[in-house]
Every structure is written in C-alpha cells, then in structure tokens.
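Enquirer: Show me how the following folds:
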Amino acid sequence: MNTFELSNLLSDLAKCVQAFHKRFGTDTLASRQELLTRIPIQDEEVRELEEAINNETPERIASEATDVLFVAIGTIMKLDPSNAANAIQEIIDKNDAKTWDTHHINKAGKIVRR
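Expert: Just a heads-up that it's a prediction; the model follows:
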C-alpha cells in the first residue's frame, strides 16, 4: 500500500460516510443541538482509540483511528457544505504553510509555532 492508494481509500471512506448517512436518513444539515449530540459519539471513539493504543495490536489501533475519522467526517458532512469546504481549505492552507522555520515540535510531540 502506498500513500496514493491510502489517499484513495480516505476518499472512499468519505463516500462511505455519505452513503451511511443517506441509508439511515441522517443526510441533512445539523442544528447546533444535533451537533452537540455528536460529541459523546466522538469522545467514545477517541476513548476506544486510546484503549487500543495502550493495549491492542497495530491492526486494532488502525481500526479505532479509522472509527474516529469516520465520525469526524460525518460531523463535517452535517455542516453547511460551503462552510465545511472553506474550513477544509483553510486547514490545508494553514498546515501547508508550516515549515521548520515557522514551527517546531514541542515536548508533547505537537508541532507548534516558534
């Protein structure tokens, strides 16, 4: 598996989320209240990822990380498409602009501004 193939699979995952929402009739824009109901779902997936990282195989870690991504993509798809697209592009641009001249890796392992 190379990074190009992985990128294609990530696109397929987004299509899967869209089909999942349509299949269950949840493919509509969400109110703030509905978005708030997604937080416990995302939290549960992150907790399961943490458990996998601490106690399980690399395959389980990958599976749980993908579940985190699935729910996050679902949340993005519940937003106004224009707002979501603008936010995605903003994050891409922001992260593409980061270099070793502007950022460093802190003691916690996070890339932060110098």
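Enquirer: Can you pull out the low-pLDDT segments for the chain?
Expert: Nowhere does the chain drop to pLDDT under 70.
Enquirer: Okay, buried residues for the longest helix seen in the chain please.
Expert: Using DSSP state H, we find that the single longest helix of the chain is helix 32-55. For helix 32-55, a neighbour-count test (16 or more other CB atoms under 10 Å) marks 45-46, 48-49, 52 as buried. Placement of C-beta: from N, CA and C, glycine included.
Enquirer: Output the residues you listed as CSV; include the columns distance to Pro58.
Expert: Compiled in CSV, the buried residues of helix 32-55 are given as follows (distance: CB to CB, whole Å):
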residue, distance to Pro58
Glu45, 18
Val46, 18
Glu48, 15
Leu49, 13
Ala52, 9
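Enquirer: any idea which residue sits dead centre in this structure?
Expert: Nearest to the mean C-alpha position of the chain, by CA atoms, centre = their mean, lies Leu69 at 3.7 Å.
Enquirer: Brilliant, that's me finished.
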